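Chemist: Fold the following and give me the result.
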Amino acid sequence: MENLKILNSREKKNVLKLVKEQWDADFDTDLVVLLSNRNKVYLVNADFSKVDEKHMRIEKVGLYFGEIVDKEIRLSIEGCQLIGPIAKKNIIELSDGEVKVMFHGNDLIKKDIGDGKRGFVILKNNSDFIGCGKVRGEEIINYIPKTRRILSED
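Modeler: Sure thing, here's the model as predicted:
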């Protein structure tokens with residue numbers, strides 16, 4: 001079971017700092033940032049901060065933004081769609097064929113990843129931000145959830 005904690009301004013800045021370091025994205029938001037005991041990050045409307053959470057047991061609320069993993073943040077698909085348009089680095093452009101490979105649940109071998117791209121990256125196809133992957137050498141590890149994968153063969 002996940003329990004959520006509303007982050008204070010210092011803790012929120014630390015999460016936004018991870019985003020800045022990984023994608024050179026200035027994501028300044030009035031949204032409230034919550035962190036689960038499993039290091040999952042959620043965003044909710046600022047009005048949520050008026051709720052006295054000490055008398056509640058909050059399990060799920062808001063938009064799932066990503067997960068903090070080894071001092072990096074792995075963005076959800078929705079997190080990628082928020083950060084992608086303002087990101088200045090660690091974005092990998094995929095062809096239509098490569099997107100098909102990823103959405104079928106496979107990791108991708110890509111020889112032209114580019115210099116400086118490491119760790120978690122945002123995957124993009126044309127103007128669409130499709131999710132997050134992790135660069136390991138010439139391989140992009142697939143983090144598209146099983147529930148969002150394409151199951152058909154074609």
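Chemist: Break this protein into its domains for me.
Modeler: Following automatic domain parsing, one finds the domains of the chain at 4-74, 84-148.
Chemist: what distance separates the longest one from the centre of its chain?
Modeler: A distance of 12 Å separates the C-alpha centroid of domain 4-74 from that of its chain, computed with CA atoms, centre = their mean, to the nearest Å.
Chemist: Identify the bridge partners of residue 91.
Modeler: With DSSP bridges as the criterion, residue 91 is bridged to residue 122.
Chemist: which residues touch it?
Modeler: Shown in contact with residue 91 (CB atoms under 8 Å, 6 or more residues apart in numbering): 23, 84, 121-124. Any C-beta I mention is one placed from the backbone N, CA and C, and that applies to glycine too.
Chemist: one step back: can I get the domains of the chain in TSV with mean pLDDT?
Modeler: Below are the domains of the chain laid out as TSV (pLDDT from 0 to 100):
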stretch	mean pLDDT
domain 4-74	88
domain 84-148	89
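Chemist: Find the centremost residue of this structure, please.
Modeler: residue 75 (0.6 Å; CA atoms, centre = their mean).
Chemist: Quick check: residue 12 touching residue 35?
Modeler: No. The criterion here is CB atoms under 8 Å, and residue 12 misses it with residue 35 at 9.4 Å.
Chemist: Between those two, which is the more surrounded one?
Modeler: Neighbour totals were compared for residue 12 and residue 35, and residue 35 leads with 21 against 18 (other CB atoms under 10 Å).
Chemist: That concludes my questions; thank you for your assistance.
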